[in-house]
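**Student:** sequence and predicted structure below; questions after.
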There are 2 protein chains.
Amino acid sequence: MSKKTNNEKLTIFALGGVGEIGKNMYVVQYGNDIVVIDSGLKFPEEDMLGIDIVIPDISYLTENRDKVRGILLTHGHEDHIGGLPYVLKHLNVPVYGTKLTIGLVENKLKEANLLGETKRILINEDSEVKLGSTLTATFFRTNHSIPDSVGICLATPEGNVVHTGDFKFDHTPVNDEFANLQRMAEIGSKGVLALLSDSTNADRPGYTPSEKNVGIVMEDIFRKASQRVVVATFASNVHRIQQVINAAAATGRKVTVIGRSMVNVVGIAEDLGYLEIPDGMLIEPEEVNKMAADRVVILSTGSQGEPMSALTRMARSTHRKVDILPGDTVIIAATPVPGNEKYIGRTIDELFRLGANVFYSGANPGVHVSGHGSQEELKLMLNLMKPKFFLPIHGEYRMQRRHALLGESVGVDPNNIFIVDIGDVVEIHGGSARKAGKVTSGNVLIDGLGVGDVGNIVLRDRKLLSQDGILVVVVTLSKQNGQIVSGPDIISRGFVYVRESEGLLDEANRIVTSTLQRLMSENVNEWASLKTSVKDALGRFLYEQTRRRPMILPIIMEV
Amino acid sequence: MSKKTNNEKLTIFALGGVGEIGKNMYVVQYGNDIVVIDSGLKFPEEDMLGIDIVIPDISYLTENRDKVRGILLTHGHEDHIGGLPYVLKHLNVPVYGTKLTIGLVENKLKEANLLGETKRILINEDSEVKLGSTLTATFFRTNHSIPDSVGICLATPEGNVVHTGDFKFDHTPVNDEFANLQRMAEIGSKGVLALLSDSTNADRPGYTPSEKNVGIVMEDIFRKASQRVVVATFASNVHRIQQVINAAAATGRKVTVIGRSMVNVVGIAEDLGYLEIPDGMLIEPEEVNKMAADRVVILSTGSQGEPMSALTRMARSTHRKVDILPGDTVIIAATPVPGNEKYIGRTIDELFRLGANVFYSGANPGVHVSGHGSQEELKLMLNLMKPKFFLPIHGEYRMQRRHALLGESVGVDPNNIFIVDIGDVVEIHGGSARKAGKVTSGNVLIDGLGVGDVGNIVLRDRKLLSQDGILVVVVTLSKQNGQIVSGPDIISRGFVYVRESEGLLDEANRIVTSTLQRLMSENVNEWASLKTSVKDALGRFLYEQTRRRPMILPIIMEV
């Protein structure tokens, strides 16, 4: 334990990842030393129209930039590293991660032209990282759906703070990447002040099956398939990719890799030694059509039915290189991320229509297992760590809540369990903890290049526009006598199909004219009043006629 | 069997309900007699922006209106009766249904001012309905998540066509509403030419549990709850409502009903004798706060997290009459309809945040069972009916496909199984069947009052507007010399927050001005060219600066 000064306090809070799935970012601060754990992105909610990605508000970190000692990464998933290119632009601090994690980060930073100016520091399970004068990080290997995942033990003057990262306990891991139970037990026996643990599957009773189960199912499907096999899975699931390669080897098939992120990850993982690919196993997509159908496996992106992904293109017969033929087998080795159910369903339907035999988790549960531990595993982690204070993280509120109940069930004092929202500060001092206010936190919505300039007003307008479209009403008035010189012209977009609605728009035109004429005869000539009156009269008329409320934009010109 | 004329053929097709979940509408025609089975609506897909509901294109029926003998209804769910108010406006034919179904239909027709002009004919299990000179319908009782559900046996000169409606086999039905296995077996032993059967759960192995299981779970939760219990479920699930009432009676609680559709259905179902409610059991919402918390059950809409529903309002503390208090119990007795997962998740989170104890199907599978039969039940239906031809209906393509495989597994000749899309005609003549072209079919999108005027162009515009908003560029040119008299003025909505982006919009302004000046100096003065050039120049500039593509609407006025 580092030296302790009496007036300093330990604070822990999340800038993302609690009350939500995604944009994980946790902060531990002692005095002048701030350590950030993970820096993820989140995909937009369905009401964030036009938004590409969402990252945490990092005002607290930029305002305290001189104290931030580094960003520690638990593993290489987008919801843990995807925010880095945006965060590092505003906060140039060292990034610590295992070999595969850093490999994936470097790929990202290259694309964002940030590789040169970012200090990357490789860690492994035996590393000890000094962060400022008071904090020291050590690591322990976990199992997850990407190799090289670690949990973090942060020694602070108040005691050890443990962050599990994302984890499950897989007792038969692919490539023998065992979780380090001994290290975890050792940390637990030395004493854990506070545990931050993954709540994703806190709803699920029992144990999550081993990733190896998927390999067995996969090999069986490969063996029975009389033609080509397409496997779609998350590009980052290197274990699963290894199993696809193993199953292909066992059944005498060659593998081709398609989809940008799949090609990327396979390249990085193979270079860094995380994938064992027999010589001659990989073939180019162009070779697929030259080979016997029962000698081929196509490893592809698109397991979420993403509209532009390789699998979706294949399903729509718009992929440049690979067609799905009747009798082909497609395995969608993933479960839908909430919100994607309809997209993935549509892709499955299209594949079936093409005559493929489709295996997917809804009908064939064996083709996918989760990377997150279920209730018994969460209890195992709690029992290994025996924390004094417990913060369920990484999950929607209901999952955190359920995880809190699991904590209680294994004996954590309910008063020592903190279900935090983003920004909520837990302060620990002299062995007691309390909620201590909030730091700035929130969503930063990124649309295109811009950061931060898509706010509530813009989103509200997009929402309105998406529901009933817009009518622009243009009128030119005379400066001399205030009479209408030209117009009103009404242009609509997204409201009605104009050719079928001429009568409606003609009548709308008359209503605008008569409204303006009435006002002018009453000598109302401030533009604001004219505009409001036109908006009201036209809005009322259109709602009566159509029960729709398009946005109305009156434009008055004066000449 | 009715008399047969040699030159007539039997045709069967769907106008909705296949390749999709929703807007069920099936058509059976023999010569001059057309019978329609069901007339449902569908809720819009996520890319149908601003659309309220979707109904089938019924051009075929309106073009053959003199032949349509009636609409037979299998049960009272929205996806089977919800399209009636729109269909009956264009096609005034008699509607046949069981007592509860007609009761629910009348409520709809009243709201649409169509009650007076619509002929409603009550049927029961012993009815025989002559439809034109060649078709006769009889009925058989089934189990489903709404009482009074029936399947239909349509005797035609070619043989019997059976439509199952939505069904499960519940051997311990609520209110002893047993499915009529004997009648089904009898129909099967007389011979079924073609079976149209519900494919909803064709993916699910085994049997769907009895609705009564939910009652047992519910009573147990009621008994253990120390405060108020809120139950949210589908308003139309009268069996479940009965079980809530039974569980309340068994645990000494009173019930209040909130949410418009729940109040409606409970009223209709009680009036018609489908709900047994003990005297004094129902209380007004206003009385809830006066009663001891452990004496109250609140029966509510909102099981799908619909933003305006009673449960969502309670979860957000914006309901006028009922608050959720810490320690209350909430049961969400439903599974999310695909696409609603996030809404319902958010509602659950809000309820937990208010301190409620929430039971929902994800974590507590016992609080809901499906109303549709699983694989073993689908096979049972196939074996009861022993059809010559089989059309899996009521489902997405993958479900129809899986149902077809179930058909094969029980011995239906694969050549006699037809997986149809909407509009695909199956023609049966002299004991052989074939696909015989298509009739007009499709989606009619209803936004507000209008029917049919929201087409692809309008939807495409709404999509564009929702992604990056709109910029309106207004310029007034002089008739005399073509010079700019006023403007350009740029008004944006849903693009950027103007106050933060003044520089960008100023620069945009300069680009429009210089583009126009250049064109005018080149003597280009057709408005179409001017507009296109402004659009192109501005679009390019904005994309470079922001990577966004707002809709650009140039408006040129001349004075």
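**Tutor:** Great, that's in hand.

**Student:** how about the residues of the stretch 201-350 of chain A by chain B?
**Tutor:** A:203, A:338-339, A:341-342, A:345, A:348-349 (CB under 8 Å from any CB of the partner chain). (C-beta placed from N, C-alpha, C; glycine too.)

**Student:** in stretch A:389-404, what's buried?
**Tutor:** A:389-404 (16 or more other CB atoms under 10 Å in any protein chain shown).

**Student:** quick one: which of the residues you listed is nearest to chain B?
**Tutor:** residue A:397 (4.0 Å; CB to the nearest CB).

**Student:** would residue A:27 count as being in a strand?
**Tutor:** Yes - per DSSP: H, G, I helix; E, B strand; the rest coil, residue A:27 lies within a strand segment.

**Student:** run through chain A and note the low-pLDDT ranges.
**Tutor:** A:1-6, A:449-454, A:498-500 (pLDDT under 70).

**Student:** try 80 this time
**Tutor:** Applying pLDDT under 80 to chain A flags residues A:1-7, A:46-47, A:448-456, A:479-482, A:487, A:496-502, A:523-527, A:558-559.

**Student:** highest neighbour count among the residues of the stretch 201-350 of chain A next to chain B?
**Tutor:** Using other CB atoms under 10 Å in any protein chain shown as the neighbour test, those are led by residue A:348, with 25 neighbours.

**Student:** which strand or helix spans that one?
**Tutor:** helix A:341-353 (DSSP states H and E).

**Student:** and the contacts of that helix?
**Tutor:** With CB atoms under 8 Å, 6 or more residues apart in numbering or on different chains as the test, helix A:341-353 has contacts from A:302-307, A:311-312, A:314-316, A:324, A:330, A:332, A:336, A:358, A:360, B:19, B:45-46, B:338-339, B:341, B:396-398, B:401.

**Student:** tilt between that helix and helix B:341-353?
**Tutor:** In terms of direction (axes from the mean of the first three to the mean of the last three CA atoms, to 10 degrees), helix A:341-353 departs from helix B:341-353 by 150 degrees.

**Student:** buried among the contacts of helix A:341-353? Need that as a selection in ChimeraX.
**Tutor:** Restricted to buried positions by 16+ other CB under 10 Å, the ChimeraX selection for the contacts of helix A:341-353 reads:
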select /A:302,303,304,305,306,311,312,314,315,324,330,332,336,358,360 /B:19,45,339,341,396,397,398,401
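
**Student:** inside strands: which ones of the contacts of helix A:341-353?
**Tutor:** Among the contacts of helix A:341-353, DSSP state E puts A:330, A:332, A:358, A:360 in strands.

**Student:** is it true that the third one touches residue A:330?
**Tutor:** Yes - contact between residue A:358 and residue A:330 holds when scored by CB atoms under 8 Å: they sit 4.8 Å apart.

**Student:** which positions in stretch A:286-298 come out as buried?
**Tutor:** A:288, A:296-298.

**Student:** okay, helices next: where are they in the stretch 101-250 of chain A?
**Tutor:** A:181-190, A:211-224, A:238-250 (DSSP state H, counting those that start in this stretch).

**Student:** so which of these is the most surrounded?
**Tutor:** helix A:238-250 (a mean of 23; mean count of other CB atoms under 10 Å in any protein chain shown).

**Student:** ok, and what's touching it?
**Tutor:** The contact list for helix A:238-250, computed with CB under 8 Å, 6+ apart, reads A:100, A:145-147, A:173-175, A:177, A:211-212, A:214-215, A:218-219, A:222-223, A:231, A:233-234, A:254-255, A:265-266, A:269, A:274-278, A:281, A:297, A:299, A:333.

**Student:** against residue A:230, how distant is residue A:285?
**Tutor:** 12 Å (CB to CB, to the nearest Å).

**Student:** now swap in residue A:391 and tell me
**Tutor:** Residue A:391 sits at a distance of 42 Å from residue A:230 (criterion: CB to CB).

**Student:** and if you look at residue A:61?
**Tutor:** Residue A:61 is 43 Å from residue A:230, by CB to CB.

**Student:** those two: which has the busier surroundings?
**Tutor:** Higher neighbour count among residue A:61 and residue A:230: residue A:230, with 27 against 24, using other CB under 10 Å.

**Student:** that one is in contact with residue A:313, isn't it?
**Tutor:** No - assessed by CB under 8 Å, residue A:230 is found out of contact with residue A:313, at 11.8 Å.
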